[in-house]
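S.K.: Fold the following for me, if possible:
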Amino acid sequence: MIALIVGLLFIAFAVFAVIPGLPLAWGPEVIAFLKGSAPVLAAFIGLIAVFIGIADIKDRMEAKKEEAEEAKAETKKD
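M.R.: Below is the predicted model of the structure:
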């Protein structure tokens, strides 16, 4: 419950801070920050996607090896 209240307070502050005409009026600074952070965020997401892709390829190769070993073990039993 406390987390919900704190979250709502932070959201209310964020809205208050970016509305033009109010004392803070941080709207242009927030837009500049978002514009500047977009390429960094895109690079970070791309890097994570590459790591996930490499891990997926490794998992597939390991699964194929295990399937081959299981098939080999089944042929030995028969």
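S.K.: what's the pLDDT at residue 78?
M.R.: Per-residue pLDDT puts residue 78 at 62.
S.K.: chain center to the one helix or strand residue 35 maps to, what's the gap?
M.R.: Using DSSP states H and E, the element containing residue 35 is helix 27-77. Distance of helix 27-77 from the chain centroid (C-alpha atoms, centre = their mean, to the nearest Å) equals 12 Å.
S.K.: How much space separates the closest residue to residue 26 other than its chain neighbours from residue 3?
M.R.: With sequence-adjacent residues excluded and distances taken as C-beta to C-beta, 6 or more residues apart in numbering, residue 26 is closest to residue 17, at 4.7 Å. Backbone N, C-alpha and C define where each C-beta goes, glycine included. Residue 17 sits 21 Å away from residue 3, going by C-beta to C-beta, to the nearest Å.
S.K.: the more surrounded of the two?
M.R.: When neighbours are counted by other C-beta atoms under 10 Å, residue 17 and residue 3 differ, and residue 17 comes out ahead with 15 against 7.
S.K.: That one in helix, strand or coil?
M.R.: Judged by DSSP: H, G, I helix; E, B strand; the rest coil, the three-state class of residue 17 is helix.
S.K.: thought it was touching residue 28?
M.R.: No - the criterion here is C-beta atoms under 8 Å, and residue 17 misses it with residue 28 at 11.6 Å.
S.K.: Give the other helices and strands that the helix holding residue 35 contacts.
M.R.: Using 3 or more C-beta pairs under 8 Å, 6 or more residues apart in numbering; DSSP states H and E, the elements in contact with helix 27-77 are helix 2-18.
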